[in-house]
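Participant: how would this look folded up:
(3 chains, ligands or ions: 1)
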Amino acid sequence: MFDILEVLFLYLVFPGFLFSAVVGLLSCWVDRKVTAKVQWRVGPPMLQPFIDIIKLLGKEVILPRGAYKFSFFFFPLLGLAGITLVSTMLWIFNVFPDKTFIGDLIVVLYLLMLPPLSLILAGFASKNPLATLGASREMKLMLSYELPFILAIFTIVAKSHSLLMGNMVTVQSTQGMYLLSASGIIAFIVALICIQAKLGFVPFDIADAEQEIAGGIIIEFSGALLAIYKLTKAIMLFVLPVFLITLFLGGINVFTLWGIAQFILKYVIILTLIVVIKNTNPRLRIDQALRFFWGKVTVLAVIAMVLALVGW
Amino acid sequence: MKRLFRWALKRSLYVYHVGASACNNCDIEILDLLTPKFDVERFGIVLVGSPRHADVLLVTGAVNKLIAPRLREVYEATPNPKVVVAIGTCPSGNIFQDSYNVVGPLDKIIPVDIYIPGCPPKPEAMIAGIVKVLEKL
Amino acid sequence: MVKEKFIPLGPYHPLLEEPEFFKLYVEEETIIDAELRIGYNHRGIEKMGESKTFDQVPFLVERICGICSTSHPLAFVLAVEDLAQIQVPERAQYIRTIMAEMERIHSHLLWVGLAGHFLGYNTVFMWAWKAREPLLDTCELMTGNRNHYAMMKIGGVRRDFQPQKLETLKEVLSEIEKFTTMITHAVIDDPVFHARTKGVGVLTKQDAIEMGVVGPVARASGLAIDVRKNQPYAAYDRITWNVITQESGCVFAKAAVRLLEIIESIKIIRQCIKNIPKGEIEIEVREIPAGEGIGLAEAPRGEVFHYVRSNGSNYPERLKIRAPSYMNIASFKRTVIGEKIADAALITAAVDPCYCCTERMGVINKQTNQVMLDGSELVRLSQLKTEEVRKKLKCT
Ligand code: SF4
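Facilitator: Coordinates of the predicted model:
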């Protein structure tokens, strides 16, 4: 399909690592800026997230006493690699829907699990009691949100009768967005809430609750490791909304200006929603989050699924 | 490359606040820096929750016997390059210097880069102090 | 076998501005036991008090705590005035009341913000602290410093309040009143806030009595104790106001008590401004006779108690301080067991502990020179202290 140089370019530059990182960090800035505005502050300058990353790369990396060296350094990288791959794949499916392959949705879903999983492992590897606590919380959180998330995604599968992401994009471009149906909108809400948790934003920032467990998983990360963590989070902040757009909001049309503008608009709307949710809610406790996801959210997801099956 | 890192460091200070035995006032004024009136995030200064993430250690209060070893631990846990700022008069003694439980000025325990005097220093003074730190970096 | 592991909460923990150390023994996320170790903040203030003159001690005790920097000096000068039978001019009494209430307002606002912060509700944190700023500015205008006002003096106060400054204060108060009403509605009606705080960390009335808690913590458990009412000092007996109580003793109740107290304090200051008489603000004190005196003041966190003994010289022979958090922290052990780790921080915070106040009384192990007190010891000590205080209260 692609030759090796092309693949490298796709993965490392556009739309892979570099591109997603830049947009992700910009989104981080938007997040921080909007948060500041809500709190009646001025907020950081635009390049702040980039500067943070550069600075962190220039700092010393300390291996905590008693930590497992390999896991501690390897897993954060793995998470970053995983999320970058998702970004690359999503863009390819959007731009060339015919490049899709059977089960690509499943692959994406699995890859999306990679960053939290690798963080959990790195957290355990650091051997700090607070990090361990954070990791176990993250694990519980993952358990709780994966079920409704997958249900919501499969609502779309049920609607499009295929597991091909490329297909979903094409179908939506002819028949209109999935969002505009009863089941679509419910599934979208469910997915949005799950994304909030995946991003680790308030009210689901349980795993790295700074006030409770001092940053949790990342408590021992210094220098470049922290930079990698921040990059992963930033790229997730970019990739997850794009994932939603692909599935619910008719994908991305990069061949016309209008298409690009539309995409940016959709992206900004989702980002704003996420940030607003983040700023208007206090943190839930892990058991409350669990109950919330397995109770209300799952019920919603099931309703969406049933509606989709009966064809709404 | 070094210059790039230094440039970035000046614009993105992660601050970790260490209270030795302070009277709480300096500590509160530090938190005040984050709040809307002063909002140091404008300058990229962020308060972090772990010394591992920090570039600057803000030390408040007089150092007593129990806290001194902890202070050294925190200092060692902070990755280089790092700066130590002594906030308030307490780290250099204040009225507590004669106390039996105070081990003496902070710079006997860890190296201090800059002192911001005042009891408590006004938030404006702290910002001015941080700016001086930038020059030292 | 129960698998136990302990989670350290502190000594450096982002939640707590001050160093302290809790050992939480946990099973999964549930806390089964807790131990408190303090001493990280011990500066030996009581001992040092004996080497300072009576005029210097207010400066020293002011530095016990940055937030209660009116209450401690106030309690101290009350103690000395009690000892020397000094009659403080009326205007000074009113000024003292105003200062004490301003302190209460900014302390409670600070707590509201911090509570929001612990809940991961940073917006509330920022808002509350923003609302606090104008008050601090007014403090600076009226006393010359944002905190550590140095207003209290044996025999009166140091600075007079000019009428135009009181006008500024009035304006700021109405701003704060608006904000408090707003936040009370916004936060107290918030379902998530309810979920996180209602029924969490309950301190029953019985427990509250047994642990001898004071201040808002006691009032949230249904005990209507307040030094300002029970043993009025300054101008509190000339003003009408209510003691706020709540019944349930949970974190929610503690929040409610504090928010409502802000409104009450605003009421008090308004009346003070209206009724403040003209006249002297201090009388000259030449000599402190030998004898003993106690001073009680209601700090934002509860009752502050100072005991002074003098032998007729310039220096107090003994200075004994008991700060409210000392009693209140001990209640931690009752409230936190069986709760989730996520709530531990919040429950501690609900007490609004102030370590710099508490650590006047480290029990020092002579061999190791370390200050150590574990939870049970604290409890026992605290109960003993209550007894002592009760006795003392009776004899005066
Ligand atoms: S310098 Fe003053 S305000 Fe700061 S901690 Fe010391 S006594 Fe408190």
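Participant: which elements pack onto whichever strand or helix holds C:Lys165?
Facilitator: Using DSSP states H and E, C:Lys165 sits within helix C:163-188. Where contact means 3 or more CB pairs under 8 Å, 6 or more residues apart in numbering or on different chains; DSSP states H and E, helix C:163-188 is packed against helix C:90-118, helix C:122-143, helix C:251-275. From N, CA and C alone the C-beta is placed, and that goes for glycine too.
Participant: for the record, mean pLDDT for it?
Facilitator: In this model, helix C:163-188 has an average pLDDT of 83.
Participant: check the offset of that helix from the chain's centre.
Facilitator: Remark: helix C:163-188 is offset 21 Å from the chain centroid, using CA atoms, centre = their mean, to the nearest Å.
Participant: the closest residue to C:Leu260 other than its chain neighbours: neighbouring residues, count only.
Facilitator: Computed as CB to CB, 6 or more residues apart in numbering or on different chains, the closest residue to C:Leu260 that is not its neighbour in sequence is C:Ile244, at 4.5 Å. For C:Ile244, the neighbour count with other CB atoms under 10 Å in any protein chain shown is 19.
Participant: before we move on, what about the one 5 residues further on?
Facilitator: When neighbours are counted by other CB under 10 Å, C:Gly249 registers 29.
Participant: surely it touches C:Gly222?
Facilitator: Yes - with contact defined as CB atoms under 8 Å, C:Gly249 reaches C:Gly222; the gap is 6.9 Å.
Participant: so what's in contact with these two at the same time?
Facilitator: Common contacts of C:Gly249 and C:Gly222 (CB atoms under 8 Å, 6 or more residues apart in numbering or on different chains): C:205, C:208.
Participant: gap between the residue nearest the centre of chain C and C:Gly222?
Facilitator: By CA atoms, centre = their mean, chain C has its centre lying nearest to C:Arg301, at 2.7 Å. C:Arg301 sits 18 Å away from C:Gly222, going by CB to CB, to the nearest Å.
Participant: close to the ligand: what parts of chain B are there?
Facilitator: B:22-23, B:25-26, B:60-61, B:88-90, B:94, B:119-120 (CB under 6 Å from any ligand atom).
Participant: now tabulate those residues in CSV and tack on pLDDT and distance to A:Cys194.
Facilitator: Formatted as CSV, the residues of chain B next to the ligand follow (pLDDT from 0 to 100; distance: CB to CB, whole Å):
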residue, pLDDT, distance to A:Cys194
B:Ala22, 74, 43
B:Cys23, 75, 46
B:Asn25, 80, 44
B:Cys26, 82, 43
B:Thr60, 84, 42
B:Gly61, 80, 44
B:Gly88, 84, 46
B:Thr89, 85, 51
B:Cys90, 82, 48
B:Asn94, 74, 52
B:Cys119, 82, 50
B:Pro120, 84, 45
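Participant: between those, which is nearest chain A?
Facilitator: Nearest to chain A among those, counting by CB to the nearest CB, is B:Thr60 at 18.5 Å.
Participant: and the closest one, how many neighbours?
Facilitator: Neighbourhood size, B:Thr60 [other CB under 10 Å]: 31.
Participant: assign C:Glu292 to helix, strand or coil.
Facilitator: Three-state call for C:Glu292 (DSSP: H, G, I helix; E, B strand; the rest coil): strand.
Participant: what's the closest non-adjacent residue to it?
Facilitator: Nearest to C:Glu292 is C:Arg309, by CB to CB, 6+ apart, at 4.9 Å.
Participant: now do the buried residues in the strand or helix carrying the one you found.
Facilitator: For C:Arg309, the element it lies in under DSSP H and E is strand C:302-311. Residues of strand C:302-311 classed as buried: C:302-310 (neighbour count, 16 or more other CB atoms under 10 Å in any protein chain shown).
Participant: now stretch C:124-143
Facilitator: Residues of stretch C:124-143 classed as buried: C:124-136, C:138-139, C:141-143 (neighbour count, 16+ other CB under 10 Å).
Participant: quick one, what contacts B:Ile87?
Facilitator: For B:Ile87, the contact set (CB under 8 Å, 6+ apart) comprises B:26, B:30, B:58-60, B:116, B:120-121, B:126, B:129.
Participant: give me the neighbour count for whichever residue of the stretch 1-150 of chain A sits closest to the ligand.
Facilitator: Nearest to the ligand, among the residues of the stretch 1-150 of chain A, is A:Arg41, at 24.6 Å (CB to the nearest ligand atom). Per other CB under 10 Å, the neighbour tally for A:Arg41 reads 22.
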